[in-house]
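**Student:** please work out how this folds:
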Amino acid sequence: MQDEFELFRAETKGIKPIKQDTFVAPRQKSGQKKSHLRDIREKEDTLFYFSDEYEPLLNENDGVVKYLREGEDSHLLKQLRRGDFSPELFLDLHGLTREQAKMELAALLLACENERVDCASIMTGYGTFTLKKQIPRWLVQHPKVRALHQAPREWGGEAAILILVDI
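**Tutor:** You can find the predicted model right below:
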(Lines give C-alpha, C1' and ligand atoms only; values in the text may rest on other atoms or scores of the structure.)
Protein backbone atom coordinates (compact mmCIF):
# COMPACT_ATOMS: atom_id res chain seq x y z
CA MET A 1 0.00 0.00 0.00
CA GLN A 2 2.83 2.35 0.95
CA ASP A 3 4.51 1.59 -2.39
CA GLU A 4 1.38 2.62 -4.24
CA PHE A 5 1.35 6.04 -2.53
CA GLU A 6 5.02 6.60 -3.35
CA LEU A 7 4.42 5.54 -6.94
CA PHE A 8 1.47 7.98 -7.19
CA ARG A 9 3.54 10.87 -5.72
CA ALA A 10 6.37 10.14 -8.12
CA GLU A 11 4.02 10.21 -11.10
CA THR A 12 2.26 13.43 -10.04
CA LYS A 13 5.41 15.34 -9.02
CA GLY A 14 5.56 18.78 -10.60
CA ILE A 15 1.89 18.97 -11.58
CA LYS A 16 0.25 22.32 -10.85
CA PRO A 17 -3.28 22.35 -9.45
CA ILE A 18 -5.90 23.85 -11.72
CA LYS A 19 -7.45 27.04 -10.44
CA GLN A 20 -11.26 26.70 -10.41
CA ASP A 21 -12.69 30.23 -10.65
CA THR A 22 -15.75 29.55 -12.81
CA PHE A 23 -19.13 29.61 -11.09
CA VAL A 24 -21.89 27.52 -12.65
CA ALA A 25 -25.28 28.68 -11.42
CA PRO A 26 -27.75 25.93 -10.59
CA ARG A 27 -30.51 25.53 -13.16
CA GLN A 28 -33.89 26.88 -12.20
CA LYS A 29 -36.67 24.35 -12.18
CA SER A 30 -38.97 25.35 -15.00
CA GLY A 31 -41.46 22.54 -14.35
CA GLN A 32 -43.83 24.81 -12.43
CA LYS A 33 -43.71 27.46 -15.13
CA LYS A 34 -44.41 24.92 -17.87
CA SER A 35 -47.24 23.42 -15.81
CA HIS A 36 -48.80 26.86 -15.31
CA LEU A 37 -48.49 27.66 -19.03
CA ARG A 38 -50.01 24.29 -19.91
CA ASP A 39 -52.99 24.98 -17.61
CA ILE A 40 -53.56 28.36 -19.26
CA ARG A 41 -53.32 26.82 -22.73
CA GLU A 42 -55.76 24.03 -21.82
CA LYS A 43 -58.22 26.55 -20.38
CA GLU A 44 -57.99 28.62 -23.57
CA ASP A 45 -58.53 25.47 -25.63
CA THR A 46 -61.62 24.68 -23.58
CA LEU A 47 -62.90 28.24 -24.04
CA PHE A 48 -62.57 27.76 -27.78
CA TYR A 49 -65.70 25.58 -27.70
CA PHE A 50 -67.93 28.24 -26.09
CA SER A 51 -69.46 30.36 -28.85
CA ASP A 52 -72.07 32.95 -27.95
CA GLU A 53 -73.66 32.81 -31.41
CA TYR A 54 -74.37 29.07 -31.47
CA GLU A 55 -78.05 28.21 -30.96
CA PRO A 56 -78.44 24.47 -30.25
CA LEU A 57 -81.71 22.61 -30.31
CA LEU A 58 -82.08 22.03 -26.61
CA ASN A 59 -84.88 19.90 -25.31
CA GLU A 60 -86.66 22.39 -23.03
CA ASN A 61 -90.00 20.83 -22.12
CA ASP A 62 -91.84 22.63 -19.32
CA GLY A 63 -88.80 24.85 -18.74
CA VAL A 64 -86.57 21.86 -17.88
CA VAL A 65 -83.28 22.01 -19.74
CA LYS A 66 -81.82 18.71 -20.90
CA TYR A 67 -79.32 17.55 -23.48
CA LEU A 68 -77.94 14.18 -24.54
CA ARG A 69 -74.95 13.87 -26.84
CA GLU A 70 -75.59 11.85 -29.97
CA GLY A 71 -74.77 8.19 -29.48
CA GLU A 72 -75.31 8.22 -25.70
CA ASP A 73 -77.82 6.00 -23.90
CA SER A 74 -81.14 7.82 -23.45
CA HIS A 75 -81.36 6.32 -19.95
CA LEU A 76 -78.64 8.79 -18.81
CA LEU A 77 -81.12 11.68 -18.82
CA LYS A 78 -83.53 9.76 -16.63
CA GLN A 79 -80.71 8.91 -14.23
CA LEU A 80 -79.65 12.57 -14.05
CA ARG A 81 -83.25 13.69 -13.45
CA ARG A 82 -83.72 11.17 -10.64
CA GLY A 83 -80.42 12.08 -8.97
CA ASP A 84 -78.75 8.71 -9.55
CA PHE A 85 -75.47 10.54 -10.17
CA SER A 86 -73.97 12.46 -7.27
CA PRO A 87 -71.95 15.49 -8.31
CA GLU A 88 -68.41 15.54 -6.97
CA LEU A 89 -67.59 19.08 -8.07
CA PHE A 90 -69.79 22.14 -7.57
CA LEU A 91 -69.54 25.45 -9.38
CA ASP A 92 -71.48 28.47 -8.15
CA LEU A 93 -71.85 31.19 -10.79
CA HIS A 94 -73.93 33.64 -8.72
CA GLY A 95 -72.90 37.23 -9.38
CA LEU A 96 -70.50 36.50 -12.23
CA THR A 97 -70.50 38.19 -15.62
CA ARG A 98 -70.85 36.14 -18.80
CA GLU A 99 -67.11 36.22 -19.45
CA GLN A 100 -66.28 35.23 -15.89
CA ALA A 101 -68.83 32.42 -16.06
CA LYS A 102 -67.32 31.20 -19.32
CA MET A 103 -63.85 31.09 -17.72
CA GLU A 104 -65.20 29.24 -14.68
CA LEU A 105 -66.99 26.69 -16.89
CA ALA A 106 -63.76 26.06 -18.77
CA ALA A 107 -61.94 25.59 -15.46
CA LEU A 108 -64.66 23.20 -14.21
CA LEU A 109 -64.46 21.01 -17.30
CA LEU A 110 -60.68 20.96 -17.06
CA ALA A 111 -60.88 20.04 -13.36
CA CYS A 112 -63.35 17.24 -14.14
CA GLU A 113 -60.92 15.85 -16.68
CA ASN A 114 -57.83 16.22 -14.47
CA GLU A 115 -59.50 14.79 -11.36
CA ARG A 116 -61.43 12.09 -13.27
CA VAL A 117 -64.82 13.35 -12.08
CA ASP A 118 -67.76 12.36 -14.26
CA CYS A 119 -70.59 14.36 -12.65
CA ALA A 120 -70.62 18.04 -11.63
CA SER A 121 -73.23 20.56 -10.54
CA ILE A 122 -73.40 24.11 -11.85
CA MET A 123 -75.41 26.59 -9.78
CA THR A 124 -76.78 29.26 -12.10
CA GLY A 125 -79.26 30.80 -9.71
CA TYR A 126 -82.36 32.64 -10.84
CA GLY A 127 -81.44 36.31 -11.23
CA THR A 128 -82.07 37.67 -14.73
CA PHE A 129 -81.92 34.16 -16.24
CA THR A 130 -79.09 35.31 -18.51
CA LEU A 131 -76.63 32.67 -17.27
CA LYS A 132 -79.36 30.07 -16.76
CA LYS A 133 -80.16 30.27 -20.49
CA GLN A 134 -76.58 30.66 -21.74
CA ILE A 135 -74.79 27.96 -19.70
CA PRO A 136 -76.51 25.00 -21.45
CA ARG A 137 -75.79 26.60 -24.84
CA TRP A 138 -72.10 26.70 -24.02
CA LEU A 139 -71.99 23.24 -22.48
CA VAL A 140 -73.52 21.42 -25.46
CA GLN A 141 -70.71 22.75 -27.65
CA HIS A 142 -68.00 21.04 -25.61
CA PRO A 143 -67.04 17.54 -26.80
CA LYS A 144 -66.47 16.25 -23.24
CA VAL A 145 -70.07 16.95 -22.11
CA ARG A 146 -72.11 13.76 -22.48
CA ALA A 147 -75.39 14.95 -20.99
CA LEU A 148 -76.93 17.71 -18.92
CA HIS A 149 -80.19 18.03 -17.06
CA GLN A 150 -81.81 20.40 -14.63
CA ALA A 151 -80.71 19.21 -11.21
CA PRO A 152 -83.07 17.35 -8.91
CA ARG A 153 -84.24 19.27 -5.84
CA GLU A 154 -81.49 17.89 -3.55
CA TRP A 155 -78.77 19.21 -5.90
CA GLY A 156 -80.25 22.68 -6.50
CA GLY A 157 -83.45 22.13 -8.48
CA GLU A 158 -84.33 24.81 -11.02
CA ALA A 159 -81.31 26.89 -10.03
CA ALA A 160 -78.74 24.21 -10.97
CA ILE A 161 -77.67 21.97 -13.84
CA LEU A 162 -76.08 18.55 -13.50
CA ILE A 163 -73.59 17.57 -16.19
CA LEU A 164 -71.99 14.26 -17.11
CA VAL A 165 -68.47 14.57 -18.45
CA ASP A 166 -66.56 12.07 -20.58
CA ILE A 167 -63.39 11.36 -18.58
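
**Student:** looking only at pLDDT, what's the mean for the host helix or strand of residue 4?
**Tutor:** Using DSSP states H and E, the element containing residue 4 is helix 2-12. Computed over helix 2-12, the mean pLDDT rounds to 87.

**Student:** could you list the buried residues of that helix?
**Tutor:** Within helix 2-12, no residue counts as buried by 16 or more other CB atoms under 10 Å. C-beta here means a position set from N, CA and C on the backbone, and glycine is covered the same way.

**Student:** can you check stretch 116-125 too?
**Tutor:** In stretch 116-125, counting by 16+ other CB under 10 Å, buried: 119, 120, 121, 122, 123, 124, 125.

**Student:** what secondary structure does the second one sit in?
**Tutor:** Okay, so that is residue 120. Here residue 120 is strand, with the state taken from DSSP: H, G, I helix; E, B strand; the rest coil.

**Student:** hmm, it is touching residue 87, no?
**Tutor:** Yes - taking CB atoms under 8 Å as the definition, residue 120 is a contact partner of residue 87 at 5.2 Å.

**Student:** what's the overlap in contacts for these two?
**Tutor:** Common neighbours of residue 120 and residue 87, using CB atoms under 8 Å, 6 or more residues apart in numbering, are residue 162.
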